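Visitor: could you look at this predicted model? Sequence included:
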Amino acid sequence: MAITLDHELFVPDRWFAIDSENRRVPDVVVASLEAGMDLVGRGAIATIVGRLREDVVVVDVDLAGVRGDGVCEAIASWCAQEGLWHLVRPSGGAQGRGHVFVAHNGRIEALAALVERLRASYRVGRPAIDLRTAVRPLSAPHRGGAHTAPHGSLRAALEALQQLPWRAGSPTGRS
């Protein structure tokens, strides 16, 4: 189910491989999600990263423990209040670290403002709470090897995502 959701969230041909130190692996061409997944574990390739569709962003929370959990919860709560599709996935780096995928529905400036307020509130910089357009897909392992499952039902997340206007309005279901 995770790979099906990945196909909805990511641009189909914008993948690259990273090593265990979070560096792009040079001279590796990743033609598709499936091709990238086949490369994981070969040589220096620890995992893959993809470019999210323009309607989706991720908030990368790199704060361990309850601080990270608090930031992820604040973002998820804001999304729920705004009626925005979102999905929280532990990143695998440590307890509290996570990725909050958000279908922003044109509310990107408001989300960016929330991220800025959270940085100020937690007294951290961009690396600790970062709004990103590229991230590891749900089906790929963390660069340290851990596989992390998103919170909640992937089937429900997929069904809700497929109902969004930008997704439903596309002839193929993909933008």
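Guide: Structure received.
Visitor: list the buried residues of the longest helix that the chain contains.
Guide: In the chain, assigned by DSSP state H, the helix with the most residues is helix 65-82. Within helix 65-82, the residues that count as buried by 16 or more other Cβ atoms under 10 Å are 68-72, 74-76, 78-79. Every C-beta, even on glycine, is put in place using the N, C-alpha and C of the backbone.
Visitor: surely residue 82 touches residue 107?
Guide: Yes. Contact criterion Cβ atoms under 8 Å: residue 82 and residue 107 qualify, at 6.0 Å.
Visitor: hmm, who's touching the longest helix of the chain?
Guide: 59, 61-63, 85-86, 88, 94-98, 100, 102, 107, 110-111, 114-115, 118, 122, 129 (Cβ atoms under 8 Å, 6 or more residues apart in numbering).
Visitor: repeat that for 7 Å
Guide: Helix 65-82 is contacted by residues 59, 61, 63, 86, 88, 95-98, 100, 102, 107, 114, 118, 122, 129 when judged by Cβ atoms under 7 Å, 6 or more residues apart in numbering.
Visitor: and those, which two are furthest apart?
Guide: 95 and 107 (29.0 Å; Cβ to Cβ).
Visitor: for these two, indicate the residue with more neighbours.
Guide: residue 107 (17 against 11; other Cβ atoms under 10 Å).
Visitor: now the phi/psi pair for the more buried one, please.
Guide: Backbone torsions of residue 107, given as degrees, to the nearest 10, read phi -100, psi 30.
Visitor: same check, this time on residue 140
Guide: phi -100, psi 150.
Visitor: name the nearest residue to it, sequence neighbours excluded.
Guide: residue 47 (4.8 Å; Cβ to Cβ, 6 or more residues apart in numbering).
Visitor: tell me the contacts of the one you found?
Guide: With Cβ under 7 Å, 6+ apart, residue 47 has these contacts: 18, 40, 136, 140-143.
Visitor: distance check, it against residue 97.
Guide: 15 Å (Cβ to Cβ, to the nearest Å).
Visitor: again with residue 39
Guide: With Cβ to Cβ as the criterion, residue 39 and residue 97 are 24 Å apart.
Visitor: more neighbours: which of these two?
Guide: Between residue 39 and residue 97, residue 97 has the larger neighbour count (other Cβ under 10 Å), namely 23 against 17.
Visitor: pretty sure that one contacts residue 88?
Guide: No. Between residue 97 and residue 88 there is no contact under Cβ atoms under 7 Å: 11.2 Å.
Visitor: for the chain, longest strand please?
Guide: strand 10-18 (DSSP state E).
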